[in-house]
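> starting from these lines, generate the structure:
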Amino acid sequence: MPEKDDDKECWERFYAEQRRPWRGVGKLGPLKVAPGSKALDLGCGNGKTAAALLEAGAVVTGIDISENAVAQCVKAFGEKAVFIAADCTELPFEDGSFDIVAAVHVFEHLGEEKAALAVKEIKRALAPGGLLLLRSFSVCDSRAGGRSEDVRGNGIRYRYFTKELIAEMFDGFEAVSVERIDETMRFGAVRVRIECLFRNGRGPL
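Below is the predicted model of the structure:
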């Protein structure tokens, strides 16, 4: 499926219509945060993962392609964190700026070309030995319907992953942990995600 030029417009509309699309505080899974760690929340949305990073003691910067999402975060968090409207394929940070990058349900929404650029930017902005938390839905997820990619009615792209595809995408990172997590929802649907913790360094997956 070709890259789209209207991704930003779709997300602006989404956050304009959905004031709190995701509630509560996110989960950091295998990521252990040392107090004072500089963390980048990639695709911060309305701040669910940023909230978890702050609770863990990180110094948080969040970015999102949607200015509406960033405005929601600024309103919610005030001066507790920094939020910037930016594209994950062109991060406005110096090399090695962060000890942690969290990419929680971000890569689902990137085509192959943009995903490759985002991986390069994460590696550049992450300090040597820094940690990357990656969470993405699996091809086994109930919403995938046997597809590896689709576009919802709101125009937003969704991609679904295998461990092998993630290994290929993140060649050059060391895999600390790679786990498939199945979660049965209230109405019986099974959401399946792949949760990975990578270290910025070369090593086999």
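
> ranges for the strands of the chain?
Listed in chain order, the strands found in the chain under DSSP state E are 38-42, 59-64, 82-85, 98-104, 126-137, 149-151, 157-159, 174-184, 190-199.

> comparing these by mean pLDDT, which bottoms out?
Set side by side, the strands of the chain give their lowest mean pLDDT on strand 149-151, at a mean of 74.

> hmm, back to that, can you list the strands of the chain in a markdown table and add distance to Ala115 and mean neighbour count?
C-beta here means a position set from N, CA and C on the backbone, and glycine is covered the same way. Listed next are those as a markdown table, based on distance: least, C-beta to C-beta, whole Å; neighbours: other C-beta atoms under 10 Å:
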| stretch | distance to Ala115 | mean neighbour count |
| --- | --- | --- |
| strand 38-42 | 12 | 27 |
| strand 59-64 | 16 | 24 |
| strand 82-85 | 20 | 18 |
| strand 98-104 | 10 | 25 |
| strand 126-137 | 10 | 21 |
| strand 149-151 | 11 | 13 |
| strand 157-159 | 8 | 19 |
| strand 174-184 | 17 | 13 |
| strand 190-199 | 14 | 19 |
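
> could you dump those to a markdown table with distance to Glu113?
Below are these laid out as a markdown table (distance: least, C-beta to C-beta, whole Å):
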| stretch | distance to Glu113 |
| --- | --- |
| strand 38-42 | 17 |
| strand 59-64 | 19 |
| strand 82-85 | 21 |
| strand 98-104 | 17 |
| strand 126-137 | 17 |
| strand 149-151 | 13 |
| strand 157-159 | 12 |
| strand 174-184 | 24 |
| strand 190-199 | 21 |
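
> closest one to Lys120 among the ones you listed?
Among the strands of the chain, strand 126-137 comes nearest to Lys120, with 10.9 Å by C-beta to C-beta.

> and the longest helix seen in the chain, what's buried?
For the chain, the longest helix by residue count, based on DSSP state H, is helix 112-125. Across helix 112-125, burial judged by 16 or more other C-beta atoms under 10 Å covers 114-115, 117-119, 121-123, 125.

> neighbouring contacts of stretch 81-98?
Around stretch 81-98, the neighbours that count as contacts under C-beta atoms under 8 Å, 6 or more residues apart in numbering are 38-40, 42-44, 47, 50, 54, 59-67, 70, 73-74, 77, 103, 106, 110, 114, 117-118, 121-122, 124-128, 130.

> so where's the chain shaky on pLDDT?
Applying pLDDT under 70 to the chain flags the ranges 1-6, 19-25, 153, 202-205.

> one more time with 90, if that's ok
Low-confidence segments of the chain (pLDDT under 90): 1-26, 111, 140-158, 183-191, 201-205.
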